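Chemist: Structure for this input, please:
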Amino acid sequence: MWQYIWRNDLHIIHKIGSHADWNEAKLGGSTLPVQGDFRMSTDRRSFLVASAAGYAGLRLGNPKPVFSEERARANNQLNGGSAKSVILFFLCGGASHLDTWDMKPNAPSEYRGPFSPIATSAPDIRLCEHLPLLSKQAHHLSVVHSVGGTVNTNDHHAGYYYNLTGHVPDETFKTQGNDRRPYSDDWPFMGSVVSSRANRQTTLPGAITLPHMPSRKPYTRPGQFAAKLGVEFDPLYVDGSVDQPLVFQSPSLMVSGDVTREHFLSRQQLFKTLDQARSEFESSPQVRIWKQHQERTMNLLLASETTTVFDLEQEPSSVRDRYGKSVNAMSLLLARRLVQAEVPFVTVFWKENEKIKDKCKSAGGWDTHGNNFGCLKDHLLPEFDQAFSALVEDLAQQGMLDETLLLVNSEMGRQPKIGDRRSGGVSGAGRDHWTHCQSVLMAGGGIRGGQSYGSSDRFGEYPSDHPVTPADITKTVYQATGTSDLIARDNQGRPYSLLEHGKPITALF
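Modeler: Numbering: from 1, shown residues only. This next block holds a predicted model:
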């Protein structure tokens, strides 16, 4: 397999694997090499993800783009935000709302845990004592405490899907559980919707996801792909490493280790020649998408913008130190560079650290089934606090916060009553899954800082005042970005709404 790597001393090409990693896709009796798995099938269970240069099912949505003047008009009419870009920081595993930004100090000890809330730079916001750096940036934050994301499995797959698309998971999530794969007729990821509507000038993709694709195959989480909107709007996936946090690479951008720029351009000409020989297939939607992906990937590989935006060593060491040394911290710094390059939607999925998985009875992330408080205090909260507070501070200092919407979310909250039977009960000091209530952080993009919206009940079990759903959060993102046209068309030309349910939380703006 060929892979593109961005770093200071290696700009274009790096070879890993071998030619055997290529699969072949037959078009018109000819055979061409294609990265990854290529499946031309209408079977919804055969959907396999592709990004940028990859292909999967090739279902078409043909959404109409919304141009900048139309977006501005829609914002004025709907009291919307000012976001040109979105950074979604998704805390994979299910972050405990009770131990972070919806603490219940007056609840019984079996609910509240050992952490105490602290005052912040915003009188209406209280944060956990282990978030001291973020507390200084709270005047930029808006905290929604009343998100009810109940799903029929109370588990990760459905939680991802609901929070990333705004759509209630269907019955297949219950019947198939962790075997439920992403399908080509799933509802699209909010980032794919936003980027499909954006008026972009950059050569970079409209949606970029880093530093990994959750979760390990074959248990890939549904909801993070364009799905029925069309794979041409899938995010470009960029991989990061826990051990090499400054190195990011995309498995779907492929150039041989011994191929020069001239060879690369000659191969591009070969593709054009082969395409011309296949003129009878020009009218095929699948081939049109093939050509779009091919052209997009060629342009991306050759663009000087690509080789610079991913080079974190261009950042002063003081800036990198402020964010922290972890791959999640460097992913947030890279996200800032990407929105500077006018990428409409950047997703940072928290990358688990396997070195702490035994301590947390989890995969090394926020799924803290055991030792919830020790794992949060010693690992998760300090890393999050330093990195995310740095991002907020950085964007504010550079005058970019008003045009960048920050969203911190997770697939669920944690069970308010301490003790998960799978990790020793009360003595295990863990919190089980809890999709019935969670909190969402927002900042920038026209969102008014320093406010709390809604509340959970006295135990943090269910929304109380101003209850909202993941559909409302998704609609709020759409309003903040001026994404007002939510009509797409299926492969038979019939119109449908990308998200009928939910309303934007206008009080946040």
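
Chemist: Mean confidence (pLDDT) on stretch 153-173, please.
Modeler: What stretch 153-173 shows for mean pLDDT is 97.

Chemist: how about that stretch: buried residues?
Modeler: 153-169, 172-173 (16 or more other CB atoms under 10 Å). (Each C-beta comes from the backbone N, C-alpha and C, glycine too.)

Chemist: How far away from the center of its chain is it?
Modeler: Taking CA atoms, centre = their mean, to the nearest Å, one finds the center of stretch 153-173 at 15 Å from the center of the full chain.

Chemist: mind checking the end-to-end distance for that stretch?
Modeler: 7 Å (CA to CA, to the nearest Å).

Chemist: Show me the contact partners of it.
Modeler: Applying CB atoms under 8 Å, 6 or more residues apart in numbering, the external contacts of stretch 153-173 come out as 90, 93-94, 149, 151-152, 174, 177-178, 180, 183, 186-190, 214-215, 221-224, 367, 409-412, 433-436, 470-471, 473-475, 499, 501-502.

Chemist: and the buried residues of stretch 153-173, which of them are in helices?
Modeler: Those of those mapping onto helices are 156-165, 172-173, per DSSP state H.

Chemist: and the two most separated of the residues you listed?
Modeler: 163 and 172 (17.5 Å; CB to CB).

Chemist: of the contacts of stretch 153-173, buried ones?
Modeler: 90, 93-94, 149, 151, 180, 183, 186-190, 214-215, 221-224, 367, 409-412, 433-436, 470-471, 473-475, 499, 502.

Chemist: Which of those residues fall in helices?
Modeler: The helices, defined by DSSP H, take in 190, 470-471, 473-475 from these.

Chemist: and residue 419, how many neighbours does it have?
Modeler: Per other CB atoms under 10 Å, the neighbour tally for residue 419 reads 18.

Chemist: Repeat that for residue 315.
Modeler: 18.

Chemist: got it, and residue 424?
Modeler: Using other CB under 10 Å: residue 424 sits among 15 other residues.

Chemist: quick one: contacts for it?
Modeler: 370, 430.

Chemist: I'd assumed residue 123 was in a helix, is it?
Modeler: No - the assignment for residue 123 (DSSP: H, G, I helix; E, B strand; the rest coil) gives coil, which keeps it out of a helix.

Chemist: residues touching it, list them.
Modeler: residue 450 are the contacts of residue 123 under CB under 8 Å, 6+ apart.

Chemist: how about it, phi and psi?
Modeler: phi -60, psi -30 (degrees, to the nearest 10).

Chemist: cool, and residue 309?
Modeler: Dihedral pair for residue 309: phi -70, psi -30, per degrees, to the nearest 10.

Chemist: what do you get for the one 10 residues further on?
Modeler: With angles defined as degrees, to the nearest 10, residue 319 shows backbone torsions of phi -70, psi -50.

Chemist: Identify the residues contacting it.
Modeler: Applying CB under 8 Å, 6+ apart, the residues near residue 319 are 333, 394.

Chemist: now it: how far from residue 393?
Modeler: Separation of residue 319 from residue 393 (CB to CB, to the nearest Å) stands at 11 Å.

Chemist: before we move on, what about residue 426?
Modeler: 39 Å.
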